[in-house]
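Engineer: Next one to model:
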Amino acid sequence: MEYRLPPLPAVRAFEAAARHGGFQAAGEELHVSAGAVAHQVKQLESWLGVTLFQRMARGVILTPAGRQYAERLRPLLNGLMEASEAVRRHGDDRVVTVTSVPSLVTRWLLPRLGRLRERHPEIDMRVLASIHPVNFLHEGVDVAIRLGTGPYPGLKADLLMEEWFSAVCSPAFKKAAPDLQEPVDLLRFPLLHDELEPRIPHELNWKQWLRHFGVNYTGSMRPSFSHTYLTLEAAANHQGVAIASEPFIAEDLRSERLVRLFPQRVLGPYRFHLLRPAEAEAKPAVRAFCDWIMAEAASDPSSPG
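Structural biologist: Numbering: from 1, shown residues only. Below you'll find the predicted structure:
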């Protein structure tokens, strides 16, 4: 039997646009532009011979035909997703796909993967660096490490690490600034800033960190960097002082590429959690990875234990 199917990328774009109520949010989910989503929807409308969205001055709304099509598509796409995921999970039991924010992947996870290989040579890792909310089924992800407060409905969640923030710089920078003895002295030195991520609105910044020590910071929020690992690279290259949480600086402190300026630390508002669907641990490799990474975190100073 020959199936006469619409273009599947266009179907996926339409379903996302229908669910989100617009092309912009659908594009963010699919990691394409709003214009690309609009083009795919137009292609699907041409194939079907019907209008699915009414274009308005300030957005789009589903037509009756579009609403009916979206309602009938969702259970079909869910069924396809579940069938594909079931096959994927049993297709290669050795592969574990884990995702986390780029700075944690670069600064904390990657330096430890050698120990994972020694302990579990049977595991093949697939590591993704991303900050967007995880769709485990869509993205084929087994485990996610995410920063937040919880709860995480429908997921198994374990507290992995807290975020204790320290002020750090290169050894050469510290040596060249002998009068940098306490937090208030930082006002006379260049401070390096992370750009705030909209999805993490209350992340600790210099102004909040200094306020814990009675210091009022009114200076510029520049220079700034899009990821913490870039801020820390600037600090390691003698450009100024950065604040970062323990998971991001642990390896550099051990190697003395970075040093703490003060013993004081500030607890951030978020924590790193280990997230996975309950069914993911039916795969022995996922279960072994989760046990290993929890043990790794417990051995760090940033561990809640």
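
Engineer: Report the central residue of the protein.
Structural biologist: By C-alpha atoms, centre = their mean, the chain has its centre lying nearest to I131, at 2.7 Å.

Engineer: So that residue sits against V101, correct?
Structural biologist: Yes. I131 lies in contact with V101 (C-beta atoms under 8 Å); the separation is 5.2 Å. C-beta: built from backbone N, CA, C; applies to glycine.

Engineer: pLDDT weak spots in the stretch 1-150 of the chain?
Structural biologist: By pLDDT under 70, the low-scoring segments of the stretch 1-150 of the chain are 1-2, 85-92.

Engineer: Would you map the helices across it?
Structural biologist: Residue ranges of the helices in the stretch 1-150 of the chain, as given by DSSP state H, counting those that start in this stretch, are 8-20, 23-30, 34-48, 64-91, 102-104, 113-119, 136-139.

Engineer: likewise the stretch 151-300 of the chain?
Structural biologist: 171-175, 206-211, 228-236, 246-255, 284-298.

Engineer: picking that back up, for Q54, which of the helices of the stretch 1-150 of the chain is the nearest?
Structural biologist: helix 64-91 (8.3 Å; C-beta to C-beta).

Engineer: what packs against that closest one?
Structural biologist: Packing partners of helix 64-91 (3 or more C-beta pairs under 8 Å, 6 or more residues apart in numbering; DSSP states H and E): helix 8-20, helix 136-139.

Engineer: which parts of the longest strand anywhere in the chain are buried?
Structural biologist: The longest strand of the chain (DSSP state E) is strand 156-169. For strand 156-169, burial by neighbour count (16 or more other C-beta atoms under 10 Å) applies to 156-157, 160-169.

Engineer: Equivalent analysis for stretch 30-42, please.
Structural biologist: In stretch 30-42, counting by 16+ other C-beta under 10 Å, buried: 30, 32, 36-38, 40-42.

Engineer: Need the max-distance pair from those residues.
Structural biologist: Taking C-beta to C-beta, no two of the buried residues of stretch 30-42 sit farther apart than L30 and K42, at 15.6 Å.

Engineer: Now do the closest residue to A38 other than its chain neighbours against A177, distance only.
Structural biologist: What sits nearest to A38 in space, not counting adjacent residues and going by C-beta to C-beta, 6 or more residues apart in numbering, is F23, at 5.0 Å. Distance, F23 to A177, using C-beta to C-beta, to the nearest Å: 51 Å.

Engineer: before we move on, what about V215?
Structural biologist: 17 Å.

Engineer: What of L267?
Structural biologist: L267 is 26 Å from A177, by C-beta to C-beta.

Engineer: swap in Y270?
Structural biologist: Distance from Y270 to A177, by C-beta to C-beta: 30 Å.

Engineer: Could you do P171 as well?
Structural biologist: 11 Å.

Engineer: Tell me which of these two has more neighbours.
Structural biologist: A177 (16 against 13; other C-beta atoms under 10 Å).

Engineer: Do you know the pLDDT at that one?
Structural biologist: pLDDT for A177: 91.

Engineer: Could you do P301 as well?
Structural biologist: P301 is assigned 54 on the pLDDT scale.

Engineer: And for the one 3 residues further on?
Structural biologist: pLDDT for P304: 43.

Engineer: swap in L232?
Structural biologist: 93.

Engineer: Mind splitting this protein into its structural domains?
Structural biologist: Domain ranges of the chain: 8-90, 96-159+272-294, 162-269, per automatic domain parsing.

Engineer: Any idea which of those gets closest to D300?
Structural biologist: Short answer: domain 162-269, nearest of those by C-beta to C-beta, at 6.0 Å.
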